[in-house]
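> model this:
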Amino acid sequence: MAGPIEQFEVKPLVELGTVNVPVLGEQLIAITNSHVAMTLAFAAVVGFLTLATSKNSVVPGRMQAAGETMFGMVDGLTSSIIGHEGKKYFPFAFTMFMLVLSMNLLGMFLTFTATSQLAVTMTLGLISFLTVVVVGFVKNGLGFFKLFWPVGAPLLLRPVVGLIEFVSFLLRPATLALRLFGNMLGGHVALKIFAQFVVQLGAVAIATGGIAYAFFGVAALSLGMTVAMTALEFLVAFLQAFVFTVLTCIYLNDVVNLGEGH
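Next up is the predicted model:
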């Protein structure tokens with residue numbers, strides 16, 4: 001039986017040959033299970049939004065209502081966190097939310113979860129971070145560096161506090177990536193372990209008999225835990241996409257309003 005970590009292994013599905021990369025040497029080019037999972041997530045987002053916006057009736061159906069709920073929730077986030085300029089950044093925030101949510105949810109049905117890979121979550125974190133940096137410089141020019149000069153602190157402490165703020169700013173993509181990665185990895189490992197308990201204990205009870213039949217009770221308890229954790233993982237899948245989007249909006253607010261509120 002496969003171990004709880006094996007589900008996170010990136011495996012080539014279609015090999016396309018090798019290429020010689022400077023420093024790294026010869027590298028295999030292939031379509032992997034990670035590529036397939038991310039492609040399916042993208043297709044799911046496009047399909048969902050197409051169905052949600054195909055009719056636009058006065059009395060919305062289920063798909064339209066779900067789409068409007070997602071739209072309204074992220075629109076409310078950008079407006080409440082960023083302020084009157086939040087509408088400009090809604091498309092980016094909505095795209096990030098839907099992609100992360102789709103990858104998280106598909107991981108509950110597929111054998112591979114894209115957001116359980118640090119490379120994927122770090123890429124998403126860097127996209128958000130670089131977007132914040134670009135917006136900061138485009139909107140404020142060199143005034144962007146005011147973000148690291150806390151005028152509310154005593155003058156002598158400003159360089160120290162500013163350095164701390166700068167290091168904290170540089171760590172933002174890592175914190176975004178690690179939070180999402182850790183939650184998805186940990187939850188799926190726990191699910192796999194409890195699911196294996198059900199199968200293994202049940203198999204021992206059937207094969208051994210006698211007092212080993214008591215293992216059926218433990219297996220039933222593990223099954224209950226698996227069902228409960230599955231429901232919890234669906235909730236976590238949504239919450240992690242929501243938290244990722246909230247933090248992205250907060251970081252955008254820092255550069256759009258330079259920490260002065262809105």
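> ok, which stretches of the stretch 101-250 of the chain are helices?
Using DSSP state H, counting those that start in this stretch, the helices found in the stretch 101-250 of the chain span residues 118-140, 158-170, 172-208, 215-256.
> of the ones you listed, which shows the lowest average pLDDT?
In terms of mean pLDDT, the lowest-scoring of those is helix 172-208 (a mean of 85).
> who touches the closest residue in space to Leu180 that isn't next to it in sequence in this structure?
Closest residue to Leu180 apart from its sequence neighbours, by C-beta to C-beta, 6 or more residues apart in numbering: Thr121 at 4.5 Å. Glycine gets a C-beta too; all of them are placed from N, C-alpha and C. Contacts of Thr121 were listed using C-beta atoms under 8 Å, 6 or more residues apart in numbering, and they are 115, 176-178, 180-181.
> kindly recompute the last result at 6 Å.
Under the criterion of C-beta atoms under 6 Å, 6 or more residues apart in numbering, the contact partners of Thr121 comprise 115, 177, 180-181.
> Leu106 too?
Applying C-beta under 6 Å, 6+ apart, the residues near Leu106 are 40-41.
> dump the strand of greatest length in the chain to PDB, restricted to CA.
In the chain, with assignment by DSSP state E, the single longest strand is strand 12-21. In PDB, the C-alpha atoms belonging to strand 12-21 read as follows (Å, rounded to 0.1, in the frame of the first residue of the first chain):
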ATOM      1  CA  PRO A  12       6.200  12.200 -15.600                       C
ATOM      2  CA  LEU A  13       3.100  11.100 -17.600                       C
ATOM      3  CA  VAL A  14       4.400  11.900 -21.100                       C
ATOM      4  CA  GLU A  15       8.100  12.300 -21.700                       C
ATOM      5  CA  LEU A  16       9.000  14.800 -24.300                       C
ATOM      6  CA  GLY A  17      12.800  14.300 -24.400                       C
ATOM      7  CA  THR A  18      15.700  15.900 -22.600                       C
ATOM      8  CA  VAL A  19      17.500  19.300 -22.900                       C
ATOM      9  CA  ASN A  20      20.900  20.400 -21.700                       C
ATOM     10  CA  VAL A  21      20.500  23.300 -19.300                       C
END
